[in-house]
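> generate a structure from the sequence data that follows.
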Amino acid sequence: SAKIKKTVATAAVAAVGLVGAASAATWYVSKSGSADNDGKSWETARASIWDTYFTAAQPGDTILVGAGTWAFTVTWDFNCGITIKGFGDHETIFSGEDKVCPVKMNHKDFVLENVVIERGAIDGAEASLWMYPAAGVDFVAGTLRNCIVRHCRPLKEGCNASAVKFEGVDSGTTMLMTGCLIVSNHLGTSNAAYGSVEVTKGKLTVIDNCEIAYNTGRAAVGLFLANAATAKNCVIHDNVGLPEGQLDKGVTVGNGGGVRMDDGILQNCIITNNSCGRAGGGVWMRGGTLENCLVACNHADGDAASGDTGGVYVNAGSTALIRFCNIGGNTSGVGSGAGVCCSGSGVNVTCVNDIIWGNGADPSKEVSGGTYSYCYLPVSKSGTGNIVGAADPYQDAANGDYLTVRSADFAGVDKAQEISGVAKDLKGTARPLDGDGDGTAKSDIGCVEFNPRATDAAAYLTTPLDEVAKGDVVTFALQLEGFGDGTSMEDEPLVKE
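This next block holds a predicted model:
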């Protein structure tokens with residue numbers, strides 16, 4: 001019957017799918033391989049990544065690439081759902097040889113993992129417009145995992161991203177970069193030099209658990225985030241916006257040493273020790289949401305016309321949200337504000353549940369413009385629930401720690417406004433907790449929730465190690481400290497063989 005035929009056909013399709021999944025192959029490529037080998041083991045490895053990708057591997061397969069530097073003379077367009085994995089601890093290097101962008105990721109199921117991508121470059125013809133791809137990874141679709149992108153640069157000024165540029169189609173294209181290090185890249189010295197990591201397209205872009213550090217350029221030096229993309233759990237530090245003397249003739253200094261945000265969300269990130277020549281040493285915002293972030297120890301030189309701000313600068317005509325953030329230890333040059341500055345007309349910025357304290361030498365310049373509620377501030381601002389704090393809220397600001405608050409002594413414990421959807425702090429601790437011991441769990445102001453039951457544990461031998469022989473029973477003592485009330489306890493010795 002038709003019904004039976006349909007059932008049989010469905011079962012046949014399902015069986016084909018299972019066979020396809022089960023038959024996914026692993027291919028081996030090494031420097032000592034041969035084109036005559038079958039590529040099915042390290043002993044019989046093939047010699048060419050591209051030949052293996054193009055002539056042997058099928059969608060769903062994995063290509064393991066051996067150690068060594070693999071020179072790229074053209075940009076390789078990876079447009080098939082295959083996984084390429086490097087060898088060992090980043091011992092596989094894809095090099096553009098200072099001539100080409102080595103990698104274009106161009107399929108939603110393509111994965112590049114555990115590879116170093118270095119010395120990528122854009123030549124004069126490609127770099128004539130800043131809409132062209134990055135020098136390191138041109139990212140249209142797929143997943144970049146546990147990779148290092150370093151020493152990439154434009155050969156001709158005008159390329160606006162030197163390491164990774166996301167430019168996927170907005171309609172449903174997923175792009176994920178996770179566990180990657182983007183380090184020591186140079187953006188160039190022209191007006192178009194933006195973003196070691198730049199998101200220009202792709203609303204489903206996610207940048208997760210990455211480190212972006214020690215990059216140089218004119219503006220938006222660490223990360224340029226736009227188009228509703230998400231960057232989370234990242235550390236963005238020591239990126240430097242170049243001063244006027246190191247830029248092209250007639251080019252002015254730029255904004256955003258660590259991050260430029262035109263849109264999207266920056267969540268659970270640490271932005272420290274970045275600098276720029278103009279405004280927003282840590283973050284320069286035109287829109288988007290900054291949530292559960294630490295913005296600390298950044299610097300902006302600034303100028304008299306545009307102001308500066310070492311911490312977070314929000315540009316004129318912008319709508320932005322800053323919530324559950326610690327903003328401290330930032331400094332500025334000429335001085336609109338060292339902590340948060342909302343400049344110009346048409347600014348609609350809301351700061352909620354933030355600690356903005358310890359920025360620059362003048363507390364009156366720490367916050368400028370914007371709307372503040374449930375914030376810990378050095379000066380009074382109109383708004384609900386704000387705490388004007390004469391006391392330093394940080395436990396060790398003298399040594400640059402603007403993350404840890406003074407435990408139960410901090411006036412912002414259990415004083416935040418509850419916000420739906422913010423269920424954890426920067427460290428992953430659940431919100432809210434009962435920090436003040438009144439029996440009611442409430443969120444704290446700032447990016448870290450005070451946990452009165454957090455403990456430090458130490459285990460130590462009660463029997464000297466040199467007296468222990470094989471087969472002996474060893475006794476440990478366990479000491480727990482930090483119960484929020486200053487007490488500690490030493491448990492009964494634990495016996496462990």
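> C-alpha from now on. contacts and neighbour counts both.
Noted.
> which stretches of the stretch 251-400 of the chain have low pLDDT?
Filtered on pLDDT under 70, the stretch 251-400 of the chain yields the residue ranges 251-252, 303-307, 335-337.
> now do the contacts for the residue sitting nearest the centre point of the chain.
For the chain, Cys234 is the residue whose C-alpha lies nearest the centre (C-alpha atoms, centre = their mean; 2.6 Å). Shown in contact with Cys234 (C-alpha atoms under 8 Å, 6 or more residues apart in numbering): Ile207, Asp208, Asn209, Cys210, Glu211, Ile212, Asn268, Cys269, Ile270.
> let me know how buried the third one is, in neighbour terms.
One way to gauge burial is a neighbour count; for Asn209, by other C-alpha atoms under 10 Å, it gives 18.
> the first one now?
A count of nearby residues for Ile207, using other C-alpha under 10 Å, gives 23.
> where's it relative to Met177, distance?
As judged by C-alpha to C-alpha, to the nearest Å, Ile207 and Met177 stand 5 Å apart.
> same question, the fourth one
Applying C-alpha to C-alpha, the value for Cys210 to Met177 is 8 Å.
> the last one too?
Here the distance between Ile270 and Met177 works out to 17 Å (C-alpha to C-alpha).
> also the second one?
Using C-alpha to C-alpha, Asp208 is found at 6 Å from Met177.
> more neighbours, the two?
Set Asp208 next to Met177 and count neighbours by other C-alpha under 10 Å: Met177 wins out with 24 against 21.
> residues in contact with that one?
Going by C-alpha under 8 Å, 6+ apart, Met177 touches Thr143, Leu144, Arg145, Val206, Ile207, Asp208, Cys210.
> one step back: among the contacts of Cys234, name the ones in strands.
Counting by DSSP state E, those place Ile207, Asp208, Glu211, Ile212, Ile270 in strands.
> so can I have TSV of the residues you listed showing distance to Val422?
Formatted as TSV, the ones in strands among the contacts of Cys234 follow (distance: C-alpha to C-alpha, whole Å):
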residue	distance to Val422
Ile207	19
Asp208	17
Glu211	23
Ile212	25
Ile270	17
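> which of those sits closest to Tyr194?
Ranked by distance to Tyr194 (C-alpha to C-alpha), the ones in strands among the contacts of Cys234 are led by Ile212 at 14.0 Å.
> the closest one: what's it in contact with?
By C-alpha under 8 Å, 6+ apart, the neighbours of Ile212 are Leu181, Ile182, Val183, Ser196, Gly222, Leu223, Cys234, Val235, Ile236, His237, Asn239.
> kindly recompute the last result at 10 Å.
Residues in contact with Ile212 (C-alpha atoms under 10 Å, 6 or more residues apart in numbering) are 149, 180-185, 196-197, 221-223, 234-239, 258, 271.
> quick check: beta-bridge partners of it?
Ile182, Ile236 (DSSP bridges).
> anything in contact with each of Asp208 and Met177?
Joint contacts of Asp208 and Met177 (C-alpha under 10 Å, 6+ apart) are Arg145, Ala231.
> name the next helix or strand downstream of the helix or strand that Lys104 is a member of, please.
Using DSSP states H and E, the element containing Lys104 is strand 103-113. Proceeding N to C from strand 103-113, the next assigned helix or strand is strand 116-118, under DSSP H and E.
> by contact count, what packs against that following strand?
Strand 116-118 sits against strand 68-71, strand 92-95, strand 148-150, strand 181-183, with contacts defined as 3 or more C-alpha pairs under 10 Å, 6 or more residues apart in numbering; DSSP states H and E.
> can you rerun that using 7 Å?
Here strand 116-118 touches strand 92-95, strand 148-150, going by 3 or more C-alpha pairs under 7 Å, 6 or more residues apart in numbering; DSSP states H and E.
> could I get these as a markdown table with mean neighbour count?
Formatted as a markdown table, the helices and strands packed on strand 116-118 follow (neighbours: other C-alpha atoms under 10 Å):
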| stretch | mean neighbour count |
| --- | --- |
| strand 92-95 | 23 |
| strand 148-150 | 24 |
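> of those, which is nearest Ile122?
Judged by C-alpha to C-alpha, the one of these that comes nearest to Ile122 is strand 92-95, at 13.0 Å.
> and the closest one, what's its mean pLDDT?
Averaging pLDDT along strand 92-95 gives 98.
> contacts only, for Val206.
The contact partners of Val206, by C-alpha atoms under 7 Å, 6 or more residues apart in numbering, come to Met175, Leu176, Met177, Ala229, Thr230, Ala231.
> now, those residues that are in strands?
Short answer: these in strands (DSSP E) are Met175, Leu176, Met177, Thr230, Ala231.
> can you count the residues close to the first one?
Look at Met175: counted by other C-alpha under 10 Å, it has 28 neighbours.
> my read is that it contacts Ala141, right?
Yes. With contact defined as C-alpha atoms under 7 Å, Met175 reaches Ala141; the gap is 5.0 Å.
> can you show me the strands along the stretch 351-497 of the chain?
Assigned by DSSP state E, counting those that start in this stretch, the stretch 351-497 of the chain shows strands spanning 355-356, 367-368, 371-373, 376-377, 387-388, 394-396, 401-405, 456-461, 474-481, 488-490, 494-496.
> just checking, what packs against the first one?
With contacts defined as 3+ C-alpha pairs under 7 Å, 6+ apart, the secondary structure elements packing on strand 355-356 are strand 326-328, strand 376-377.
> show me the helices in the chain, by range?
Using DSSP state H, the helices of the chain run over 2-22, 49-51.
> what average pLDDT does the longest one get?
Put plainly, it is helix 2-22. Helix 2-22 comes out at a mean pLDDT of 37.
> stretch 107-117 too?
Average pLDDT, stretch 107-117: 97.
> so how far is Leu426 from Tyr374?
Taking C-alpha to C-alpha as the measure, Tyr374 and Leu426 are separated by 18 Å.
> buried stuff in stretch 444-455?
Asp444, Ile445, Gly446, Cys447, Val448, Glu449, Phe450, Asn451, Pro452 (16 or more other C-alpha atoms under 10 Å).
> nope, stretch 216-235 is what I meant
216-235.
> in strands, which of these fall?
Thr216, Gly217, Leu223, Phe224, Leu225, Thr230, Ala231, Lys232, Val235.
> TSV for the buried residues of stretch 444-455, including pLDDT and distance to Asp51?
Shown next, in TSV, are the buried residues of stretch 444-455 (pLDDT from 0 to 100; distance: C-alpha to C-alpha, whole Å):
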residue	pLDDT	distance to Asp51
Asp444	96	57
Ile445	97	56
Gly446	97	53
Cys447	97	50
Val448	95	51
Glu449	94	53
Phe450	91	56
Asn451	86	56
Pro452	83	59
